[in-house]
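J.: Provide a 3D model corresponding to the input given below.
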Amino acid sequence: MGGPLDLNSEEARERLLRVFRHAQVGRSVSSVTHDLNNYLGAIMAYAELAGMDKGISADTARMLGEVVNAVKKSSGLVASLTDVARKEKPDVRIMDPAQLVERVLDLRRYDLRVANVTLTTNYDPSLPLLSINLPRLQLAMMYIVSNAIEALDGTERKKLSVTVRKTAEGVEIAFKDSGAPIPDETRAAIFDQFYTTRGVDHLGLGLTVARATIVDHGGTLNYDPENGFVIALPLRTSYTT
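T.: The predicted structure follows:
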């Protein structure tokens with residue numbers, strides 16, 4: 001189902017209720033992560049203490065090291081998730097674009113594996129640093145990755161490639177999936193508010209919010225069949241400190 005949404009319809013009311021439920025989930029994430037970090041800290045502390053025991057075997061020391069590394073990775077994921085779920089307020093950071101993309105992909109890596117999507121990345125080695133509003137731009141990219149996963153549903157060869165390269169104006173980030181190109185008649189409306197081709201279970205807001213966020217950074221978000229969804233960000237974004 002596609003086309004513009006009648007804001008007075010039952011379908012519109014259902015989608016607005018879904019927006020509200022998503023907001024409540026975000027609040028819950030913010031309240032839970034504090035306790036989760038405490039638990040992770042306790043696991044790390046005990047694992048490190050156990051690893052200091054000179055009587056343990058080399059194999060046990062190795063396994064304890066794996067526990068510590070897993071806790072560190074989990075803490076990083078929790079931090080990224082908290083950035084996305086926190087209340088709206090600027091969080092301007094100077095960041096390597098490749099590091100930003102990796103944070104986004106880490107939050108979607110499980111979904112990519114479950115959907116059997118093969119992920120490839122290609123990062124220009126000479127990327128400049130950007131000044132960005134991290135939570136907002138991270139969320140915008142998560143919408144694009146989620147859109148790619150949904151677009152590949154039902155296809156046989158599921159691939160997603162992410163390319164980050166330096167341009168004369170700044171940085172370009174391209175998300176290209178192996179699904180069929182978006183038809184011409186649909187392409188003009190994919191960034192419209194509440195537009196979706198996937199039924200009532202989808203809000204039709206992800207790409208709208210993603211483009212608005214990137215425009216707020218002084219950049220652009222466009223789609224073309226050859227390169228997929230392409231984000232262009234200037235060196236000096238709207239969030240430059």
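
J.: Give me the sheet partners of the helix or strand hosting residue 174 and which way each runs.
T.: Per DSSP states H and E: residue 174 is located in strand 170-177. Next to strand 170-177 in the sheet, as set by DSSP bridges, lie strand 159-166 (antiparallel), strand 228-234 (antiparallel).

J.: winner for burial among these?
T.: By mean neighbour count, with neighbours taken as mean count of other Cβ atoms under 10 Å, strand 228-234 ranks first of those at a mean of 22. Bear in mind the C-beta positions are built from the backbone N, C-alpha and C, glycine included.

J.: Run the chain-centre distance for it.
T.: Offset of strand 228-234 from its chain centre (Cα atoms, centre = their mean, to the nearest Å): 15 Å.

J.: What of stretch 108-123?
T.: Using Cα atoms, centre = their mean, the offset of stretch 108-123 from its chain centre is 12 Å.

J.: now stretch 124-137
T.: Taking mean C-alpha positions (Cα atoms, centre = their mean), stretch 124-137 and its chain are 14 Å apart.

J.: Next: stretch 147-165.
T.: Distance of stretch 147-165 from its chain centroid, counting by Cα atoms, centre = their mean, is 14 Å.

J.: Pull the contacting residues for residue 65.
T.: residue 51 (Cβ atoms under 8 Å, 6 or more residues apart in numbering).

J.: So it lies in a strand, does it not?
T.: No: using DSSP: H, G, I helix; E, B strand; the rest coil, the assignment for residue 65 is helix, not a strand.

J.: Same list, the strands paired with strand 170-177, but as JSON lines with mean pLDDT and distance to residue 192 please.
T.: Below are those laid out as JSON lines (pLDDT from 0 to 100; distance: least, Cβ to Cβ, whole Å):
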{"stretch": "strand 159-166", "mean pLDDT": "96", "distance to residue 192": "24"}
{"stretch": "strand 228-234", "mean pLDDT": "94", "distance to residue 192": "15"}
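
J.: To residue 132, which of those strands lies closest?
T.: Closest of these to residue 132 is strand 228-234, at 7.7 Å (criterion: Cβ to Cβ).
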